[in-house]
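[1] coords below, sequence missing:
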């Protein structure tokens, strides 16, 4: 089992910045990847950003490239999402995700945080 604890959401004006953090209950080296997804009201959960442990290099959705950055803090088992130049369309609940390989089933298992609300509004 992997527990993910998120923090850092809130209300911000358009053009502002927020920083989200997600801390895993296991060593980040035991995870296949960590990432962020978001879900706006009435919409599906969409990919935002991720860092894959073995393939390296962050991956970002086209809608956030140039505005958001994702980074790992290996010493603290934490993934951060720095969000700049926020737009009203970034408003959503942001969920932290981690994938861990399950030896018994030989499959990757997804774990989710509880979600944190980000609201961009004037």
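    Arrived safely, thanks for sending. Just so you know, these numbers come straight off a predicted model, no measurement behind them.

[2] Can you give me every residue that contacts the residue nearest in space to the middle of the chain?
    By CA atoms, centre = their mean, the chain has its centre lying nearest to residue 36, at 2.0 Å. Contacts of residue 36 were listed using CB atoms under 8 Å, 6 or more residues apart in numbering, and they are 20, 22, 48-50, 70, 79, 81, 94-97. Heads up, the C-betas are built off the backbone N, CA and C, glycines and all.

[3] distance from the centroid: which residue in the protein tops it?
    Farthest-from-centroid check, the chain (CA atoms, centre = their mean): residue 104, 26.7 Å.

[4] which residues does residue 59 contact?
    Counted by CB under 8 Å, 6+ apart, residue 59 has contacts 35, 49-52.

[5] ok, back up a step: how is the residue nearest to the centre of the chain assigned, secondary-structure-wise?
    strand (DSSP: H, G, I helix; E, B strand; the rest coil).

[6] Quick check: chain neighbours aside, which residue is closest to it?
    With sequence-adjacent residues excluded and distances taken as CB to CB, 6 or more residues apart in numbering, residue 36 is closest to residue 48, at 4.3 Å.

[7] Also residue 78?
    Residue 78 sits nearest to residue 23 (CB to CB, 6+ apart), 4.8 Å away.

[8] what does residue 32 give?
    Closest to residue 32 by CB to CB, 6+ apart is residue 99, at 4.3 Å.

[9] Would you mind measuring from the residue farthest from the centre of the chain to residue 38?
    Distance, residue 104 to residue 38, by CB to CB, to the nearest Å: 31 Å.

[10] May I have the beta-bridge partners of residue 35?
    residue 50, residue 97 (DSSP bridges).
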